[in-house]
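Undergrad: Output the structure for:
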Amino acid sequence: MSDVDPFAVIADAIGRGRGRRLGCFVALGDSFTAGRGCAADERWADRLAASLRRRHPEPAYHNLAVDGATSDDVLDQVGPALQLEPDLVTVICGANDVIWSVRPDLELYGERFATILDRLRRGLPHVAIVTATSPERWRFLDLRPRTRARIVAGIGRLNEVTRTVANSRSVPVVDVVGHPGLDEAENFLDDGLHPSPMGHQRAAIEFARALGEHFGIDSDVTNKEER
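TA: Residues are numbered from 1 along each chain as shown. Presented below is the predicted three-dimensional model:
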């Protein structure tokens, strides 16, 4: 493992921005962003917010994510988010639409996800939005074969919809599918599904990289993540 300060890595990734002022960061989503099983300051969004404060004059931060939220629930988070007038929003949802339904309606998910992004853009024309796909494999999650096959297939279709909707609106997607960290037990809680504090740390670094790549913010995170 790297002995480089992870907060310094993230700060380097989002720091030295070229003209973009970050006054408020709002995180929307489900248990991934709400941070089930982790302390608040261990969540990836909180780690990202802490690193933002290293380069910007005390930006406000609000995590509106709710454990167990579906895309419909995340759509309800948009109104409160707009009232906070953020200039950076992360929004990750959809996994629960698949996990908790034998026949997930992914067309409806796509409509809701599009509405989420469109409402954010209409209300905040200059907001920076970042989203993400969901893992399509879980080595450490005990599932029956039929259940595993159903969920894997559903998440695969979900990710296709997420990419299509986000790309049509020029919203960057942090693509975790195939990430090597999915094969490392230390990145997961005992349930095998939710990220551990180490998993949240790695997620924060990936989101920091996305900010650097897609919003013109200087970053050397690729060189410093692991040595």
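Undergrad: By residue count, what's the longest helix in this structure?
TA: helix 145-168 (DSSP state H).
Undergrad: Point out the other helices and strands that it packs with.
TA: Contact partners of helix 145-168 among helices and strands, from 3 or more Cβ pairs under 8 Å, 6 or more residues apart in numbering; DSSP states H and E: helix 95-99, helix 106-123, strand 128-132, strand 173-174. All C-beta spots, glycine's among them, are computed from the backbone N, C-alpha and C.
Undergrad: can you list these in JSON lines and add mean neighbour count?
TA: Formatted as JSON lines, those follow (neighbours: other Cβ atoms under 10 Å):
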{"stretch": "helix 95-99", "mean neighbour count": "23"}
{"stretch": "helix 106-123", "mean neighbour count": "17"}
{"stretch": "strand 128-132", "mean neighbour count": "23"}
{"stretch": "strand 173-174", "mean neighbour count": "19"}
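Undergrad: Including mean pLDDT, could these go into TSV?
TA: Formatted as TSV, the helices and strands packed on helix 145-168 follow (pLDDT from 0 to 100):
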stretch	mean pLDDT
helix 95-99	94
helix 106-123	98
strand 128-132	96
strand 173-174	96
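Undergrad: As a markdown table, those with distance to Val152 would be great.
TA: Shown next, in a markdown table, are the helices and strands packed on helix 145-168 (distance: least, Cβ to Cβ, whole Å):
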| stretch | distance to Val152 |
| --- | --- |
| helix 95-99 | 10 |
| helix 106-123 | 14 |
| strand 128-132 | 17 |
| strand 173-174 | 19 |
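Undergrad: Those: which one's closest to Ala40?
TA: strand 128-132 (20.0 Å; Cβ to Cβ).
Undergrad: and that closest one, which strands flank it?
TA: Strand 128-132 sits in its sheet next to strand 88-92 (parallel), strand 173-174 (parallel), going by DSSP bridges.
Undergrad: what's the distance between Ser101 and Phe32?
TA: According to Cβ to Cβ, to the nearest Å, Ser101 stands 18 Å off from Phe32.
Undergrad: When these two are compared, which one has more neighbours?
TA: Phe32 (28 against 14; other Cβ atoms under 10 Å).
Undergrad: His62 belongs to a helix, doesn't it?
TA: No. Counting by DSSP: H, G, I helix; E, B strand; the rest coil, His62 falls outside a helix, being strand.
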